[in-house]
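>>> Output the structure for:
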Amino acid sequence: MAATSNNVEDKGIPIFKNGASLVSIKEKVDNADGSVLSNGCGWVSVASFNLLAPVYVRPFDNRTGGIQPFAAFEWISEEDSEQVLDMKHRGPRLLAALESCHADVICLQELQLEHNHNDDGNKDLVLPCWLQQIVDEKHGYQLHLPPKEDLEKIAERNLRVLDVDAAVTCAILYKKERLEAVPATAKNNNDNDTNTSVSLCLRIRNDSISKEAAATSQSFVVTSVHLDATDETKRVGQLTKCLKRARTYTFEAKPISTIIAGDMNQEFNPGSAVMAFLSNRNGTDADVSETEKQKQCKISLRLQENEELSPTQIQEWSKLCEEAKQTVRDYCVSLDRIKSGPTRAAYDHSVEDDNDDVTSKKMAQWKLDHILYTPSTLRPCAYWSTLEDDLESCSIGLPNRKVGSDHLPVAAVFRILPTPTLSMEEKTTLLTKLNEMTSDQKRALEEQEDILKKELQALEARVLPRAPEEIDVATANKKQSKKQKRKGRPPPEIMDFMRKKRTILKEIKARHRTERNALVESLVDLERLLIEQKLGYPAIQWVERG
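Below you'll find the model as predicted:
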């Protein structure tokens, strides 16, 4: 199980052969750096597998009247089809890979559940036969799925479109002997889980580690995702929901360890909107050029190189990138990515080729499967190599007789870091600054309103002289009902003043928002979380509300 060195993106992190035992990797890393992972308490290993659901293998689509190109697997010959694509052969290969990885947590995508008919006439969705032993006592994994009602809707859709009564979903497996799920509450129940995104808050079991380690053991949120295949806006929305869900698991002013793993259908290249989720850690978004953004926009919209983007498309793409960046700031969850390489090998769909001869088509590779994590609470210690270390699969495509899916899995070992906190002095300094700014702005606004009020009174005294008989009329009018009253238009001088007043107050409030935003933008996540805890709503809302 020698480490590989083909991937140079993370020179400081050891890279091991894809499929290697993560327990053995942990031991090698532990011995190499001298006990940072001792006693099995301060680390967690995570793997992610896209299983390629059987329902997506050359299915007849009732909507199109044929097999969709992405599901045709043209590079697999008829004589190889059974060995490479049939689940009676693919299933054992996938199971062997899942068993041998020995991960604490396994994120699954395209898990196809089967209906099991009960004696009472009802039916349940259960694991397929080839995978059922993964949750037995020997393997010790616990399965987490979305709500049954949502899975049944997916099964109904597949029956309608593909004539297959089966649900395809994301799922999470975790080792029961090491981990336990944090019970859901009204704030963080799994009602928001879907077949394309499931989350679970886990923590190290106290009975599996020492008392000293248990006292400082931290929980972490894992999400298995399968992002949209064609729409970057939907991908941004899905990742936003992942962060929102993770934040519901902490009620304190501290970050929550977060891991998001799965088939993300995006390469996270500079200029892409999903890359903006990672840009806040080191300010790398400043290094992204407009040329890179437009290139990624074209790729996302599937435009040819000679096609020009419209001003609207460029504007919408920039807005989407900014939305992703702001989401990370709003939820105080700074992310980084394990720098794994390409995981999918197939015919290059970006090359126009009218030739039906498959022998003339070229294979290409894409980085579609990723592991995202919070670097403030998790430190990657090692990860698997990907297709850069499997030249055979690069040349013949996936799946093949060795790999059971059309995606190579990804995996990493993390050290769980102590949760960063602010000192009492830092908290006091920030809250003092917050209170002083709030008081100063409130006082400035009240002083200006008082000045304007006096100016209005002086103006009314000047332009609205009142004779004694007018006062009697005004007194009589007060006795009339509101419906009977008729108010005339104020003099032009009063109307001009009211417009001036609105402009002045609007400018002051805008200036105050700018001051509050400058303060919030200068803060780190822990400081922004302290504001949220103090006020009961996110710091970005304080910027707007004051």
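>>> Now do the buried residues in whichever helix in the chain runs longest.
Ranked by residue count under DSSP state H, the longest helix found in the chain is helix 424-463. Judged by neighbour count using 16 or more other CB atoms under 10 Å, the buried positions of helix 424-463 are 427, 430, 434, 437, 441, 452, 460. Every residue, glycine included, has its C-beta placed from N, CA and C.
>>> do the same with stretch 497-513
Result for stretch 497-513 [16+ other CB under 10 Å]: buried residues 497, 501, 508, 512.
>>> Same question for stretch 532-539.
532, 534, 538-539.
>>> re the thing from before, residue 174: which of the buried residues of stretch 497-513 is nearest?
Nearest to residue 174 among the buried residues of stretch 497-513 is residue 512, at 47.8 Å by CB to CB.
>>> Look up how far residue 522 lies from residue 534.
17 Å (CB to CB, to the nearest Å).
>>> Sorry, wrong one. I was asking about residue 491.
Relative to residue 522, and taking CB to CB, residue 491 is found at 47 Å.
>>> quick one: which of those two has more around it?
The residue with more neighbours, out of residue 491 and residue 522, is residue 491; 14 against 8, by other CB atoms under 10 Å.
>>> Please name the bridge partners of residue 109.
residue 50 (DSSP bridges).
>>> Against residue 224, how distant is it?
Taking CB to CB, one finds residue 109 at 6 Å from residue 224.
>>> what's the answer for residue 146, then?
10 Å.
>>> residues shared between the contacts of the two?
Shared contacts of residue 146 and residue 224, defined by CB atoms under 8 Å, 6 or more residues apart in numbering, comprise 170, 198.
>>> Between those two, which has more neighbouring residues?
Applying other CB under 10 Å to residue 146 and residue 224 shows that residue 224 carries more neighbours, namely 31 against 22.
>>> Isn't the more buried one up against residue 49?
No: counting by CB atoms under 8 Å, residue 224 does not reach residue 49; the two are 9.5 Å apart.
>>> Now the common contact residues for the two.
107-109.
>>> Same list, those, but as TSV with pLDDT and distance to residue 287 please.
What follows is the shared contacts of residue 224 and residue 49, written out as TSV (pLDDT from 0 to 100; distance: CB to CB, whole Å):
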residue	pLDDT	distance to residue 287
107	98	30
108	98	35
109	98	31
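>>> Can you tell me which of those residues is closest to residue 163?
For the shared contacts of residue 224 and residue 49, the nearest to residue 163 is residue 109 (22.4 Å; CB to CB).
>>> hey, what's in contact with both of residue 109 and residue 224?
48, 170, 262.
>>> need those residues in JSON lines with pLDDT and secondary structure, can you?
Compiled in JSON lines, these are given as follows (pLDDT from 0 to 100; DSSP: H, G, I helix; E, B strand; the rest coil):
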{"residue": "48", "pLDDT": "98", "secondary structure": "strand"}
{"residue": "170", "pLDDT": "98", "secondary structure": "strand"}
{"residue": "262", "pLDDT": "98", "secondary structure": "strand"}
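>>> Is it possible to mark the buried ones in those residues?
Buried, going by 16+ other CB under 10 Å: 48, 170, 262, out of those.
>>> What is the neighbour count of the residue nearest to residue 495 when sequence neighbours are not counted?
Nearest non-adjacent residue to residue 495, counting by CB to CB, 6 or more residues apart in numbering: residue 489, 7.6 Å away. When neighbours are defined as other CB under 10 Å, residue 489 has 7 of them.
>>> which secondary structure elements does the helix or strand where residue 505 lies contact?
Following DSSP states H and E, the helix or strand that holds residue 505 is helix 492-521. If you count contacts as 3 or more CB pairs under 8 Å, 6 or more residues apart in numbering; DSSP states H and E, helix 492-521 packs onto helix 424-463, helix 539-545.
>>> now the angle between helix 492-521 and the first one, please.
Relative orientation of helix 424-463 and helix 492-521, computed by axes from the mean of the first three to the mean of the last three CA atoms, to 10 degrees: 170 degrees.
>>> ok, back up a step: next secondary structure after the helix holding residue 505?
That would be, after helix 492-521 and using DSSP H and E, helix 525-535.
>>> gap between that next one and the chain center?
21 Å (CA atoms, centre = their mean, to the nearest Å).
>>> Kindly indicate which of the shared contacts of residue 109 and residue 224 lies nearest residue 411.
Among the shared contacts of residue 109 and residue 224, and counting by CB to CB, the member closest to residue 411 is residue 48, at 7.0 Å.
>>> ok, now how distant is that closest one from residue 368?
For residue 48, the distance to residue 368 - CB to CB - is 11 Å.
>>> Find the nearest non-adjacent residue to residue 238, please.
Closest to residue 238 by CB to CB, 6+ apart is residue 227, at 5.3 Å.
>>> The one you found contacts residue 235, doesn't it?
Yes: with contact defined as CB under 8 Å, residue 227 and residue 235 form a contacting pair (4.5 Å).
>>> can you list residues touching both of those two?
With CB under 8 Å, 6+ apart, residue 227 and residue 235 have common neighbours 264-266, 274.
>>> where among the helices and strands packed on helix 492-521 is the average confidence lowest?
When those are ranked by mean pLDDT, helix 539-545 comes last with a mean of 89.
>>> Which other helices and strands does that one contact?
Partner elements for helix 539-545 (3+ CB pairs under 8 Å, 6+ apart): helix 311-331, helix 492-521, helix 525-535.
>>> Of the ones you listed, which is nearest residue 164?
Taking the helices and strands packed on helix 539-545 one by one with CB to CB, helix 311-331 is closest: 34.5 Å.
>>> and the gap between the spatially most central residue of the chain and residue 275?
In the chain, the residue lying closest to the centroid (CA atoms, centre = their mean) is residue 239, at 2.5 Å. Per CB to CB, residue 239 is found 11 Å from residue 275.
>>> Show me the helices in the chain, by range?
22-33, 78-85, 87-101, 148-162, 211-216, 232-247, 290-301, 311-331, 391-396, 424-463, 468-478, 492-521, 525-535, 539-545.
>>> tell me which residues of stretch 79-89 are tucked away?
84-85, 87.
>>> and which of those residues is nearest to residue 311?
Looking across these and measuring by CB to CB, the closest to residue 311 is residue 85, at 45.4 Å.
>>> Can you tell me the closest non-neighbouring residue to the closest one?
residue 57 (5.2 Å).
>>> how near is that neighbour to residue 161?
Counting by CB to CB, the gap from residue 57 to residue 161 is 15 Å.
>>> quick one: which of those two has more around it?
When residue 57 and residue 161 are compared for neighbours, residue 57 comes out ahead with 20 against 15, by other CB under 10 Å.
>>> What pLDDT is listed against the more buried one?
94.
>>> Confirm for me that residue 374 is in contact with residue 247.
No: applying CB under 8 Å as the test, residue 374 and residue 247 come out as separate, 11.3 Å apart.
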